[in-house]
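Enquirer: Next comes the sequence, and after it the predicted model I'd like to discuss.
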Amino acid sequence: MAMEITPYFLAAQSADAKVRTEAEATLRQFQEQGLSRFLLSLSVELANNDKPIESRRLAGIVLKNSLDAKDASRKEHLVEQWMSIDISVKSQIKDLLLRTLGSSVPEARHTSAQVIAKIASIEIPKKQWPELIGSLLNNMTQQDRPAALKQATLETLGYVCEEISHQDLVQEEVNAVLTAVVQGMNLSEHGPEVRLAATKALYNALEFAQTNFENEMERNYIMKVVCDTAMSKEVEIRQTAFECLVAIASAYYEVLEPYMQTLFQLTSNAVKGDEETVALQAIEFWSSICDEEIELQEFDGPESGDSGPPHSRFIEKALSSLVPLLLETLPMQEEDQDQDDTIWNISMAGGTCLGLVARTVGDAIVPLVMPFVESNISKPDWRCREAATYAFGSILEGPTIEKLSPLVQAGLNFLLTAMKDGNNHVKDTTAWTLGRIFELLHSPGSGFSVISPENLKQVLGVLLESIKDAPNVAEKVCGAIYYLVLGYEDAGPNSSLLSTYLTDVISCLIATADRTDSGDSKLRSSAYETLNEVVRCSNIAETSPIIAQLLPVIMNKLGQTVEIQIVSSDEREKQGDLQASLCGVLQVIIQKLSSTDETKPIILQAADQIMILFLKVFGCRSSTVHEEAMLAIGALASATGPQFEKYMPEFYKYLEMGLQNLEEYQVCAITVGVVGDICRALDDKVLPYSDGIMGLLLKDLASSELHRSVKPPIFSCFGDIALAIGEHFEKYVPYALPMMQGAAEICAQMETADEEMMDYGNQLRRSIFEAYSGILQGFKSVKPDVMVPYAQHLLKFIEMVSRDGQRDESVTKAAVAVMGDLADALGSNIKLLFGDCSFYNDFLGKCLQSDDEQLKETAGWTQGMIGRVMVL
């Protein structure tokens, strides 16, 4: 049944493009003519040791890609395809793959292991291919099996464990897999290839070992094998064993106590004397312990009681040895690490871990770190100065303000002077540390800041001088200015302190964004992000003339980008990035100037020119720009209100494009949000466009390709449209309401154990309530009867949500508000429904006792509305 495909696979790798294209077309044709035969042929090709390695490799890749894809809807389609293939053909394919694990060619074994795991991910959850684990374990238990087969089998077991859930195997199978894997790590029985594959397999199987880690004898055995393997003579095996220890620290923290002395010794030796890849994992072990303990401290809060898991305080116990160990790593920097964001080395890992330790133990870290800072900060060797600054910057989050404040006050001048250090690394880390100080210890609004009105001038003087330094230093300085100005947001009279310097800060940031000496656009993006924050946090009463002058400057820059002649994809990308940044600045300026009656006319006067620019930007067809320009247009719609109507004929086609862009779902979600802005701005003047918009929104909701995160904004948008067009929404009710009811049913069946799904469930429920609120308010004074048939379903949905203890506060507020809207809009029409309900009294009673004033107020209003209905 298999066909001869070797020549086509070889031709598909030809240097001749014409030969390659023809071969690819023929292979596609084979696939379309008969998938079963095609997949069987691929597995025959992969299994046949007489075939060229090139054709076997490509056959394996095509086979794997026929079973799995990154895109969820494509993956679903491939799974359905596989499930529809005749069972006898599937059996042949699986037998060939299992046979290939014994191939003499490593690449064929490796590819076969991956494909087996992909099939397992489809079949094992459906209780199919029950014999797979047994077949694989058979390869391990029979003495005469070659090492290559055992290595490939262990690799397969690792991939299978990675692909399936621990609930898919019974405990007996888990025990057998763990036994085979742990035995595979045995030094006396196996060579390095088998032991490495076994250690990697254990890493993927750890999630399955919950029951085994609860059993002291089994746990001791696993931990001994892993610790022994962490001392293997092969670097890659040691590294993988430490990766297992990192995973164990996260998954089984509560049972680690008896092993911590050994683990400290192991990790300490690795950090001090092993290869960097191993040392990095040893540091990561302590970072994982910190993560667990930080999370446990949140559990230990006064409101959580004593029900949380045990907190063993490993970091606190190891502190006096662990901190010196981490400090030793800091002077191990690489010469060019400040030029490349992708570098991750032992110095960076040590500093990151030190920061986590500070968050874990708080004040206790300060006396252990400060002697290191003081003894190294002035040394001639730049590595010592940079390490001291890095150590200081790393411990600023965790200890109390009372502990840090005197140290920062004393060290601030020193740090400002260090911005003129002769070494680029030292300046880079100093600017980062200043940014951390401003982020964590500068909050004039709440009454504390290390920056006084007296030293603000000096601080800004140093920063605006240092922003002219090398690009990597300038980027960190942008970050420092960002957090400095952010501190003055909502700072009352203190926000005026910035006003004097605003012109200079804006000029320097624009000059920085215009620099041409940076290899990428990162510095420019940082400068514009900081400029946004400067505008957003400025005191509008004092700085409106300065921001008004900035508006034409940014408009002019955006206008210039539209005129650029684009010849390459690289240039198009740069143009898109720059336009995105400039649209972002315009959005913030529009929001700032339209926030007061005195300054709003500035935006209204410039609105035509701004809109023309945005439309030109859309013409450049870049998705990044599409996003930023959409957001800015949303701000312009909010600012111009009903006057935005004149832009709709020209803008509507781009709105349509955004709503149809399901592939770039963020663009689609932002466009949905802008529809809401436009509805609020235009009210019933949006009516000429509502058919088109509702049609696209309903089509999006019905599409299997739509990313789920776009659904909640669409439901909220229904409410915005209904509120804007009132009675005219009636024609959409037969289509929109069933979709809302369907989504409500999905909420009822949603998996709440998964945190991500729980968050999504909360968003979805809130958006459904918001949709109902908008629709009810839209019909209230004109056609309330339209909603009567849907009232009972809505009340049941509210009741279901009221009984869910995992809902978040925003969902509670939306549920209470929509219940009030229901009573307010439908009045005596639903008196009987409320009469039959008992849950709402208890629900509203709890809300009235909340500490949240807004919730209390809404609950009081809702109670009044229902009370009014009941006496009608």
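Expert: Received it, and whenever you're ready, just let me know what you need. Numbers count the residues shown, from 1 in each chain.

Enquirer: so what's Val686 up against?
Expert: When contacts are counted by C-beta atoms under 8 Å, 6 or more residues apart in numbering, Val686 is found next to Met648, Ile678, Cys679, Ile693, Ile721, Ala724, Ile725. Any C-beta I mention is one placed from the backbone N, CA and C, and that applies to glycine too.

Enquirer: again with Ser14
Expert: Arg20, Ala23.

Enquirer: Need the three-state assignment for it.
Expert: coil (DSSP: H, G, I helix; E, B strand; the rest coil).

Enquirer: Could you measure from it over to Ile133?
Expert: Using C-beta to C-beta, to the nearest Å, Ser14 is found at 41 Å from Ile133.

Enquirer: now swap in Asn345 and tell me
Expert: Distance, Asn345 to Ile133, by C-beta to C-beta: 40 Å.

Enquirer: Can you tell me the SS state at the closest residue to Ala349 other than its chain neighbours?
Expert: Once flanking residues are discounted, Ala349 sits nearest to Ile283: 4.4 Å by C-beta to C-beta, 6 or more residues apart in numbering. Counting by three-state DSSP, the backbone at Ile283 sits in helix.

Enquirer: shift numbering so it begins at 55
Expert: Done: numbering now begins at 55, and the last item shifts to Ile337.

Enquirer: Would you confirm that Ile337 contacts Glu382?
Expert: No - between Ile337 and Glu382 there is no contact under C-beta atoms under 8 Å: 11.1 Å.

Enquirer: what sits in contact with each of the two?
Expert: Val325, Gly404.

Enquirer: Strands of this protein, residue ranges please.
Expert: Remark: strands assigned in the chain by DSSP state E are 496-497, 502-503.

Enquirer: for the first one, what is the average pLDDT?
Expert: It refers to strand 496-497. On average, the pLDDT along strand 496-497 is 90.

Enquirer: which other residues reach that strand?
Expert: Contacts for strand 496-497 (C-beta under 8 Å, 6+ apart): Ser503, Val504, Ile505, Tyr537, Leu538, Gly541.

Enquirer: of the residues you listed, buried ones?
Expert: Those of the contacts of strand 496-497 that meet the buried threshold are Ser503, Val504, Ile505, Tyr537, Leu538, Gly541, by 16 or more other C-beta atoms under 10 Å.

Enquirer: Just give me the closest of those residues to Cys637.
Expert: Top of the list for closeness to Cys637, among the buried ones among the contacts of strand 496-497 and by C-beta to C-beta, is Tyr537 at 23.7 Å.

Enquirer: Next up, the contacts around Ala602.
Expert: Leu647, Thr653, Ile656.

Enquirer: Correction: the previous question concerned Phe783.
Expert: Ser744, Ile775, Ala776, Ile829, Gly832, Phe833.

Enquirer: How about Ala595?
Expert: Taking C-beta under 8 Å, 6+ apart as the test, what Ala595 contacts is Thr650.

Enquirer: Now with 10 Å, please.
Expert: By C-beta atoms under 10 Å, 6 or more residues apart in numbering, the contact list for Ala595 reads Ser549, Ser550, Ser553, Thr650, Glu652, Thr653.

Enquirer: Now the fourth one. Nearest residue, chain neighbours left out?
Expert: If you skip the residues right next to it in sequence, Thr650 has Ile594 as its closest partner in space, 5.8 Å away by C-beta to C-beta, 6+ apart.

Enquirer: Tally up the residues packed near the one you found, please.
Expert: 15 (other C-beta atoms under 10 Å).
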